[in-house]
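Q: based on what follows, work out the 3D shape:
(one chain, ligands or ions: 1)
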Amino acid sequence: MLNIAVLVSGGGSNLQALIDAKTRGELPRGRLALVVSSKARAYALKRAEAAGIQTAVLRPADYPSSEHYAEALTALLTEAKTDLIVLAGFLVVLPKSFTQRFAGRIINVHPSLIPSFCGPGYYGLRVHQAALDYGVKLTGATVHYVTEVVDGGRIILQKGVEVHPDDTPETLQRRVMEEAEWVILPKAVALLCDKFTNTEGELP
Ligand code: GRF
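A: Residues are numbered from 1 along each chain as shown. So this is what the prediction gives:
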């Protein structure tokens, strides 16, 4: 069984999608072992507690640099024997030392079809506002590996979502979550658990 750590900063609806997938038996090779939040009041923490998952809060403001923050995070993840790290609405950019150390084992969900509307500054409603401003008729979500380039790692799964003429950033965000993010994130996690289990056995 692979230990999955989910890193969050906000509502945690993608975390909930993982919890629900696990409950439905769709993550047979993965265990949701730890949820780390960058904000003490993130609703995601409540979702984790309700599901009986161990939680921790690690606030960037409590550390002098992003390297120190990443060291503390690494210690938590190592203690929990983490095999796979899932960034699900995690708003902290992690340093290269961290992404290299866990290369191939960190993934992120982004609410657009990368390489559109991604990179520094594209988070939350800004992504959907940018898609509407551009006039795209199709947007969606992407699950990709995390590297030192923000939203730049190789793509694992994508799903398209239609933009409606009367969409606001809020309605589009909701549809992208429901139709794409909550579908492809659990699928990608299950795929990686299979991959690690089949080809490499239990990871250290
Ligand atoms: C999602 O749109 C995710 O793609 C983005 O941030 C949002 C987080 O939502 N990275 P939630 O906290 O999972 O509800």
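
Q: got a list of what the closest residue to the ligand within the chain touches?
A: Residue nearest to the ligand within the chain (C-beta to the nearest ligand atom): G89, separated by 2.6 Å. Just so you know, the C-beta spots here come from the backbone N, C-alpha and C atoms, and that holds for glycine as well. G89 sits next to 8-15, 44, 109 when contact means C-beta atoms under 8 Å, 6 or more residues apart in numbering.

Q: same deal with V6?
A: V6 makes contact with 15, 18, 32, 34-36, 48, 86, 88, according to C-beta under 8 Å, 6+ apart.

Q: who does it bridge with?
A: Partner residues in beta bridges with V6, using DSSP bridges, are V35, V86.

Q: let me know the pLDDT of it.
A: Predicted confidence (pLDDT) for V6: 98.

Q: could you do T197 as well?
A: Per-residue confidence at T197 stands at 88 (pLDDT).

Q: how many residues are close by the nearest residue to it once chain neighbours are set aside?
A: Sequence neighbours aside, R29 is the residue nearest to T197 in space, at 5.0 Å (criterion: C-beta to C-beta, 6 or more residues apart in numbering). By other C-beta atoms under 10 Å, the residues close to R29 number 18.

Q: again with L138
A: Applying other C-beta under 10 Å, we find 11 residues neighbouring L138.

Q: okay but it is in contact with Q158, surely?
A: No. The pair L138 / Q158 is not scored as a contact, 11.0 Å apart, by C-beta atoms under 8 Å.

Q: shared neighbours of these two, anything?
A: Once C-beta under 8 Å, 6+ apart is applied, the residues that L138 and Q158 both contact turn out to be L113.

Q: including neighbour count, secondary structure and distance to R24, could the contacts of G89 go into CSV?
A: Listed next are those as CSV, based on neighbours: other C-beta atoms under 10 Å; DSSP: H, G, I helix; E, B strand; the rest coil; distance: C-beta to C-beta, whole Å:
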residue, neighbour count, secondary structure, distance to R24
V8, 27, strand, 21
S9, 20, coil, 26
G10, 20, coil, 24
G11, 16, coil, 21
G12, 23, coil, 18
S13, 19, helix, 16
N14, 26, helix, 16
L15, 28, helix, 15
A44, 27, helix, 20
V109, 25, strand, 19
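
Q: I'd like these as CSV, with distance to the ligand appended.
A: Output for those, formatted as CSV (distance: C-beta to the nearest ligand atom, whole Å):
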residue, distance to the ligand
V8, 6
S9, 7
G10, 4
G11, 4
G12, 5
S13, 3
N14, 3
L15, 6
A44, 6
V109, 5
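
Q: CSV please, covering those residues and showing distance to T99.
A: Formatted as CSV, those follow (distance: C-beta to C-beta, whole Å):
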residue, distance to T99
V8, 18
S9, 17
G10, 21
G11, 24
G12, 22
S13, 24
N14, 19
L15, 21
A44, 22
V109, 16
